[in-house]
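**Student:** Quick one: sequence and predicted model below, then my questions.
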Amino acid sequence: MKTKNIIVILLFVIQASIVRAQIDVPKSYSNIISKKHRSYIKNGNKKIKEPSKLAIKLFNHETKIGLLNIENAITASKTGFNFDFKNKELNGTMYYGLIPRNTKYPQPILFKTNSEIKEGKAHINIYPRFTGKYDILKWEKKGKGSLGYRIINEKGLILYDGRIDFNYDKTNEKLELAPTIIEGPFINKLKHNSVTISFKTQKPILATVIVDKNKFHDKLETKNHEILISNLEPSTEYKYTIIYGNHSQSYSFKTSPLEGTRSKFTFAYASDSRKGPGGGERNIYGANAYIVKKLMYAAIEKEAVFFQFSGDMIDGYLTNNDEMNLQYSNWKHATEHYGHYFPMYISMGNHEIIMKSYVSNVLSKKKRKMVLIDNFPYETHSAEALFAKNFVMPENGPTSEDNSKYDLNKESIDFPSYSENVYHYTYDNIAVIVLNSDYWYAPSLNREPATKIVGGNLHGYIMDNQLKWLENTIANFESNNNIDHVFVSQHTPAFPNGGHSKDDMWYNGNNEPRPWINNKPVDFGIIERRDQYLDILVNKSTKVRAILTGDEHNYNKMYISEKTNRYPENYDKAKVKLSRPIYQINNGAAGAPYYSQEVLPWSDDVSGFSTQNALVLIKVEGDNINVVVINPETFEELDRFEIK
């Protein structure tokens, strides 16, 4: 996805996340002065401050609510449910309907009437509207039911799709809110003998998962549930039932084969599903839910046993955590019908950034300075922390960039965590290594000089500790006789081809862009770092078959070899020699606005380029790997090739 220019970011992302108590500025940043609950950048004799209340008001977002406004809005009445979103500026319409649970993919059957949202308040009538012939759940008789609702603002933007589980007291003819699963359930960390089932409820409860007559419980009441299911058999299908209060949901999963079984299987790959043009579900606030749902159903139809999705799920580029959580929730809802049954592995892109912003001369386009960096405190407000809060991924990556060459204080934690945003996993005879090429990302680093005196990382740059971890991880898989093939995935292409030649790992052929730490640039520029990355994947591995990337909103494949023209003219740094070829498979065609192909030094090695929405299906059978690419709407085949 293209990094937004200063004015667009200003219009859409300046909202201060005010921390009431004074906070310590991480030592990885320089020249930020903390004063009470705010901070500013000392730029020579001038200050670049956090946005004022006036700036926040001028550039308020179109949603007017965050996820907590919705989760805390609902109360029961005798006839239905009242909503109070705590914002009088919110007006619009609410559609709703009962949710039958006797189907593989439950979803609401919307009723023929709707409710008005006026000054942040609305009411959904249950009694008597959903009685008699309209009671498709028999909730009056059973004493419980489920309801789905959709919030649309006055501009026609779909803000959220939610659901409510409710109980009915027949004696007192009274409706009651019941514990409700508002996200998930999702299959996570699938192995041959275990799986983690995750879901979110609207309030803290103790939940139970039943698998093969065995019960697995939460240890403490929580809203975010991660329940480990253990002692399972390989390649076995299991039904699971979640018990929460007096409600339940049932789905199934299949454990992976033993490592090295060398069975026949398919997995899916895509990225970049932020909001798209066209209205309706192509923008359920922040996410192109229409195409994401198509991708999920196509993956189910093509029997993909897991789905790798590598960044830019949502529009992002926000400064408000709760608004970011709303976009994440919308994306997760769009993936649920696949995620109930199969694991999805997610990584970060540039649009997953949650920022701290500093601005001077806000009303002057000519004089305005805007510095955008990864938010802090890192443990609660960084992009990495918010990502880990929203997704359940393996926790086997590096720790952080602490204790690297550039860390001046080895006694404290000065960088964001890599937990759950850099990791690896295996399925049968393949391994997938997931990287974060937007770690500690400072969106303004390459265009606003004042950012350099603060510090931050570059879009597309793999920092030192992560690179070393990648080298060690690949070495481990090289010595693992059960693993025949390795795929490496990160958001940004090593070789951009359509839309991002100005950045990614190329920056128009300029090696100067690089991270800045402690008022200094790091030793290696972006092209040097790209070569170090390629040296590990190609020259230090015999098993890495392909790089899976996104960022550019198109599909294409590139055959990278020693013959590929990989450098700008007059490049004066050492050039890496590639001992064998490797593929780069780019699929950023999951719903974001398309980018067309550019002419670059390596364009002769690019093929299959398409701006259609695409799903990459990678078919593995022992030593053989075949790739089929389809349009998830029409199922038209866009490309087909063999890797090995």
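**Tutor:** Okay, I see it.

**Student:** doesn't residue 385 fall inside a strand?
**Tutor:** No: read with DSSP: H, G, I helix; E, B strand; the rest coil, residue 385 is helix and lies in no strand.

**Student:** Distance of the residue nearest to it when sequence neighbours are not counted relative to residue 413?
**Tutor:** Counting by CB to CB, 6 or more residues apart in numbering, residue 385 lies nearest to residue 379, which is 5.9 Å off, once chain neighbours are set aside. C-betas here are computed from N, CA, C, even on glycine. According to CB to CB, to the nearest Å, residue 379 and residue 413 sit 8 Å apart.

**Student:** more neighbours, the two?
**Tutor:** Taking neighbours as other CB atoms under 10 Å, residue 379 and residue 413 compare with residue 413 leading, 17 against 12.

**Student:** Could you give the backbone dihedrals for the more buried one?
**Tutor:** The phi and psi values for residue 413, taken as degrees, to the nearest 10, are phi -90, psi 110.

**Student:** Output stretch 597-607 as PDB - backbone C-alpha positions only.
**Tutor:** The C-alpha atoms that make up stretch 597-607 are tabulated as PDB, following Å, rounded to 0.1, in the frame of the first residue of the first chain:
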ATOM      1  CA  GLN A 597       2.800  -2.400 -13.500                       C
ATOM      2  CA  GLU A 598       5.900  -0.200 -13.600                       C
ATOM      3  CA  VAL A 599       9.100  -0.600 -15.800                       C
ATOM      4  CA  LEU A 600      12.000  -1.500 -13.600                       C
ATOM      5  CA  PRO A 601      15.500  -3.000 -14.200                       C
ATOM      6  CA  TRP A 602      14.200  -6.600 -13.500                       C
ATOM      7  CA  SER A 603      10.900  -6.300 -15.400                       C
ATOM      8  CA  ASP A 604      11.900  -9.000 -17.900                       C
ATOM      9  CA  ASP A 605      11.900 -11.500 -15.000                       C
ATOM     10  CA  VAL A 606       8.300 -10.700 -14.000                       C
ATOM     11  CA  SER A 607       5.300 -12.600 -15.400                       C
END
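
**Student:** Quick one: mean pLDDT over it.
**Tutor:** Across stretch 597-607, the average pLDDT comes to 98.

**Student:** Looks like residue 644 contacts residue 623 (just checking).
**Tutor:** Yes: if you go by CB atoms under 8 Å, residue 644 and residue 623 touch, sitting 6.4 Å apart.

**Student:** So these two - more neighbours on which side?
**Tutor:** A direct count of neighbours by other CB under 10 Å for residue 644 and residue 623 places residue 644 higher, at 13 against 10.

**Student:** Let me see the contact set for that one.
**Tutor:** By CB atoms under 8 Å, 6 or more residues apart in numbering, residue 644 lies in contact with 485, 545, 623, 624, 625.

**Student:** how far is the strand or helix carrying residue 548 from where the chain is centred?
**Tutor:** Element membership of residue 548, judged by DSSP states H and E, is strand 544-549. Here the centre of strand 544-549 is set off from its chain's centre by 19 Å, with CA atoms, centre = their mean, to the nearest Å.

**Student:** again with stretch 417-424
**Tutor:** The answer for stretch 417-424 is 13 Å, by CA atoms, centre = their mean.

**Student:** which residues touch it?
**Tutor:** Against stretch 417-424 from outside (CB under 8 Å, 6+ apart): 347-348, 378-379, 382, 384-385, 387-388, 391-400, 431-436, 439, 465-466, 469, 473.
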